[in-house]
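Student: when you get a sec, could you give me coordinates for this:
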Amino acid sequence: MKRHPITELIYYLVAFAGIMTGLPPVFLSMIWVILVISDIPDIGVRATIRSVMSGVSIGVLVVAFNMLVNRRGPTEIFTAFGMRFTLEALLYGAWLALIIMTSLRLFMRMSRCLDDMKIETLVAGHMPKLSLLICMLFRLVPGIKRDAEGFAMIHGRGVRAFGALVSKTLEDGVVKSISMKDRGYGERKRSSFQRRPLSYTDILSVIFLGLCLCLMVYLSVGSMKVRFFPSISIEYSRYYLLVYFAYYAVPLMIRFKEEAGWLLSRRRIMDLNTKEPVKRV
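Tutor: So this is what the prediction gives:
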């Protein structure tokens, strides 16, 4: 863990704030593509494609629902069953879908980066009970998923499999509580939490992230305008697009730097192993 978890947490909080400030569709599309590309080395191509299809399905539902309930806008596309469907409602629904899709993908990436150990490092010293609860949840959910898949293979996907899963989960909870009680959890103060002080690099990173948040708020308030009703109006500058690209591509650039460093180190090791020894005269 090269960086303190607080820097990663602040990075993702600022990233969420940037998405929620009402970015133009071009910005949201660019951020979504960056997040998809960043997921490929972590979860693989097939899992990325499945997650993309799931996100697109959610986006289509959002667009369809918005067009059914929102009939504002002067530009009529067509009329069906006595209802008007306008271009402004379509584009507004697509914009909302982009916000939801990008936020979900960013949340998935944050959940992979901030694992239970990092969360324990963040809050264990101040809220040990909450930290323990979060860590137990992180370990409980994958176990329930594995048990559900196993019961589905044996009993099929029905009430019987669900009952077996509930019984197994309750039994594991009782066993876990008895084990924790025997080991003295909650009876005396414990000091076995991992603690890591902030380095100068971490402090500079936090200051930089705070400045990025201020810049995003300034750009969203004064320099970027997104409006769909009563008419479509989207204003932004291409230079601001580069700013957002640089910020949201930071994990991808760090991953590229680490992979490049690993390849160079591996190449040097192979060169040293294949180098012929010098013959003495």
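Student: for the stretch 1-150 of the chain, which segments count as strands?
Tutor: 76-80, 83-86 (DSSP state E, counting those that start in this stretch).
Student: deepest-packed of those strands, please.
Tutor: Sort the strands of the stretch 1-150 of the chain by mean neighbour count, taking mean count of other Cβ atoms under 10 Å, and strand 83-86 sits at the top with a mean of 15. Backbone N, C-alpha and C define where each C-beta goes, glycine included.
Student: circling back: so which of the strands of the stretch 1-150 of the chain gets nearest residue 120?
Tutor: Minimum separation from residue 120 across the strands of the stretch 1-150 of the chain (Cβ to Cβ) falls at strand 83-86, 50.6 Å.
Student: show me what the closest one is packed up against.
Tutor: Contact here means 3 or more Cβ pairs under 8 Å, 6 or more residues apart in numbering; DSSP states H and E; on that basis strand 83-86 packs against strand 76-80.
Student: now do the same for the nearest residue to residue 225 once chain neighbours are set aside: its pLDDT.
Tutor: In space, and not counting its chain neighbours, residue 225 is closest to residue 235: 4.4 Å by Cβ to Cβ, 6 or more residues apart in numbering. For residue 235, the pLDDT comes out at 73.
Student: what does the one 3 residues further on give?
Tutor: Turning to residue 238, the model gives it a pLDDT of 74.
Student: shift numbering so it begins at 739
Tutor: All right, first residue 739 from here; so that's residue 976.
Student: look up how far residue 851 lies from it.
Tutor: 30 Å (Cβ to Cβ, to the nearest Å).
Student: of those two, who's got more company?
Tutor: residue 851 (15 against 7; other Cβ atoms under 10 Å).
Student: shaky segments in the stretch 789-938 of the chain?
Tutor: 854, 861-870, 872-873, 876, 918, 921-934 (pLDDT under 70).
Student: can you map out the helices along it?
Tutor: 825-851, 854-861, 866-893, 897-920, 938-956 (DSSP state H, counting those that start in this stretch).
Student: rebuild the ones you listed as a markdown table, extending it with distance to residue 752.
Tutor: Shown next, in a markdown table, are those (distance: least, Cβ to Cβ, whole Å):
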| stretch | distance to residue 752 |
| --- | --- |
| helix 825-851 | 11 |
| helix 854-861 | 16 |
| helix 866-893 | 22 |
| helix 897-920 | 37 |
| helix 938-956 | 5 |
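Student: highest average neighbour count across these?
Tutor: helix 825-851 (a mean of 19).
Student: name the nearest residue to residue 839, sequence neighbours excluded.
Tutor: Nearest to residue 839 is residue 793, by Cβ to Cβ, 6+ apart, at 4.5 Å.
Student: gap between the one you found and residue 799?
Tutor: Taking Cβ to Cβ, one finds residue 793 at 11 Å from residue 799.
Student: and of the helices of the stretch 789-938 of the chain, who's closest to residue 966?
Tutor: helix 825-851 (4.2 Å).
Student: quick one: the closest one to strand 814-818, angle?
Tutor: Helix 825-851 runs at 90 degrees relative to strand 814-818, counting by axes from the mean of the first three to the mean of the last three Cα atoms, to 10 degrees.
Student: which elements pack onto helix 825-851?
Tutor: Using 3+ Cβ pairs under 8 Å, 6+ apart: helix 825-851 touches helix 743-758, helix 763-781, helix 783-807, strand 814-818.
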